[in-house]
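**Q** Here you go, sequence then predicted model.
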Amino acid sequence: DMYENQSFIDQQAQVPAQVQQYLQSIQSDLTVILWYIQPDPTAEQPGGGVRKYNTAAVITKDTIKTTHKQNLCDYDVFYESRHMHPGRKYENFAIGDEQSTVTICEDLFNLATDFQPLEHRDMQWVKTIFNLSSSPFADGKLYRRIEAMKHHAIKRNANVVYLNQVGAQDDNIFDGGSFIIDKNGKLIHLSPQFKKSLAVVDTEQAHEDLSEKAKEIADDKYGQIDNAIKLWLQDYMKKSWIEKVVIGVSWGIDSSISLYYLSQVMPKRNIVAIYMPSKHSTNSQTDAHQLCENLWIKLHEREIQTRF
């Protein structure tokens, strides 16, 4: 587990300072917000080792401000308290003339928890609330996220910028779908799901409400699952350095679906499809050829009857 790799922890903890040095070198007035693990060598985790905080860093060429995640996730696939310590530190910050604050994942998403971090912050002049999330994909979850952020936007009379991770790790799929809610609870921006994207949004301009569009996307259960599988497979192959695949094609449902998804996430010239007929083969030969023709993949045939 990378949380227990002290060399990794030490290296990534240097990133905020490195980003600041870069901003200074180009004399940029940009504000960069990023997530990292902040180690505290002066304190110890209850289970041993250096105490660590799930942290958002707000970086300019002049300052680095940090905010700790307060509500740790210990449910479903998460066991955050095994590695992290709940923090209470936060620092509001200015972008131009307006005050903003940043939260991490559950600190804004979970409306049922007893401790609501925003209740304990100076929110009087805050115009924008940022939320950095690594929220895994689940059926209908996109709309649940939007509804939770609408609650905070209306209650705080502030824009909410929700930023979700994109990618896959083991059996977790992070579907992206970042969005912005204005202070009136209107969904004014929705990024694509299941892929990285870049957007520039002027929250002072008039925007149409995208809430119905988001609900239609969230309600497309099988379309969402299809995209989630593609993202997971693509990320797995990239992280495993897999560039070419050999697959047996029988026209059975398993090999057909596997071949289809491979054809969606990698160059088809890198897929070697092989049909291996024997005396037990029925009409699968014609079907296998038709499948590969439909997917524009060359089918190689190698009989195996003589090897029995």
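**A** The structure has been received and is ready for your questions.

**Q** Next, the buried residues of the helix or strand encompassing residue 273.
**A** Secondary structure assignment for residue 273, by DSSP states H and E: strand 271-275. Within strand 271-275, the residues that count as buried by 16 or more other Cβ atoms under 10 Å are 271, 273, 275. For every residue, glycine as well, the C-beta is placed using N, CA and C.

**Q** what about that strand, distance to the chain center?
**A** Distance, stretch centre to chain centre, for strand 271-275: 33 Å (Cα atoms, centre = their mean, to the nearest Å).

**Q** Now do that strand: which elements does it pack against?
**A** Under the contact criterion of 3 or more Cβ pairs under 8 Å, 6 or more residues apart in numbering; DSSP states H and E, strand 271-275 touches strand 245-248, helix 253-265, helix 284-295, strand 299-301.

**Q** which outside residues touch that strand?
**A** When contacts are defined by Cβ atoms under 8 Å, 6 or more residues apart in numbering, strand 271-275 is touched by residues 244-250, 259, 262-263, 284-285, 288-289, 292, 297-302.

**Q** picking up where we left off before, okay, the buried residues of strand 271-275 in a markdown table with pLDDT next?
**A** As requested, these are exported to a markdown table (pLDDT from 0 to 100):
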| residue | pLDDT |
| --- | --- |
| 271 | 97 |
| 273 | 95 |
| 275 | 89 |
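
**Q** Distance from the chain centre to stretch 105-121, please.
**A** Using Cα atoms, centre = their mean, the offset of stretch 105-121 from its chain centre is 20 Å.

**Q** which SSE is residue 233 in?
**A** Going by DSSP H and E, residue 233 is in helix 221-239.

**Q** now for that helix, which elements pack on it?
**A** strand 166-169, strand 172-175, helix 253-265.

**Q** before we move on, back to that, mean pLDDT lowest where, among the helices and strands packed on strand 271-275?
**A** Ranked by mean pLDDT, the helices and strands packed on strand 271-275 end with helix 284-295 at the bottom, a mean of 86.

**Q** buried stuff in that one?
**A** For helix 284-295, using 16+ other Cβ under 10 Å, the buried residues are 284, 287, 288, 291, 292, 295.

**Q** Mind checking the pLDDT average for the longest strand along the chain?
**A** Counting residues, the longest strand in the chain under DSSP state E turns out to be strand 32-44. For strand 32-44, mean pLDDT is 92.

**Q** hmm, which helix or strand of this protein has the shakiest average pLDDT?
**A** Every helix and strand of the chain was ranked by mean pLDDT, DSSP states H and E. The lowest is helix 284-295, at a mean of 86.

**Q** can you tell me how far residue 287 sits from residue 273?
**A** Using Cβ to Cβ, to the nearest Å, residue 287 is found at 13 Å from residue 273.

**Q** contacting residues for the residue nearest the centre of the chain?
**A** Centroid-nearest residue in the chain: residue 165, 2.1 Å away (criterion: Cα atoms, centre = their mean). Each residue near residue 165 by Cβ under 8 Å, 6+ apart is listed here: 133, 134, 135, 174, 176.

**Q** follow-up on the earlier one: list of residues touching the longest strand of the chain?
**A** Contacts to strand 32-44, defined as Cβ under 8 Å, 6+ apart, come from residues 3, 9-10, 12-13, 15-16, 19, 23, 50-60, 66, 68, 84-85, 102, 104, 130, 132.

**Q** ok, back up a step: run the angle between the helix holding residue 233 and helix 253-265 for me.
**A** 70 degrees (axes from the mean of the first three to the mean of the last three Cα atoms, to 10 degrees).

**Q** Run a quick neighbour tally on residue 80.
**A** Using other Cβ atoms under 10 Å, residue 80 is surrounded by 18 other residues.

**Q** Torsion angles phi and psi at it?
**A** Main-chain torsions, residue 80, degrees, to the nearest 10: phi -70, psi -30.

**Q** for it, what are its contacts?
**A** 54, 72, 73, 74.

**Q** pLDDT below threshold where in the stretch 151-300 of the chain?
**A** 280-284 (pLDDT under 70).

**Q** Contact partners for residue 258?
**A** Neighbour list for residue 258: residue 247 [criterion: Cβ under 8 Å, 6+ apart].
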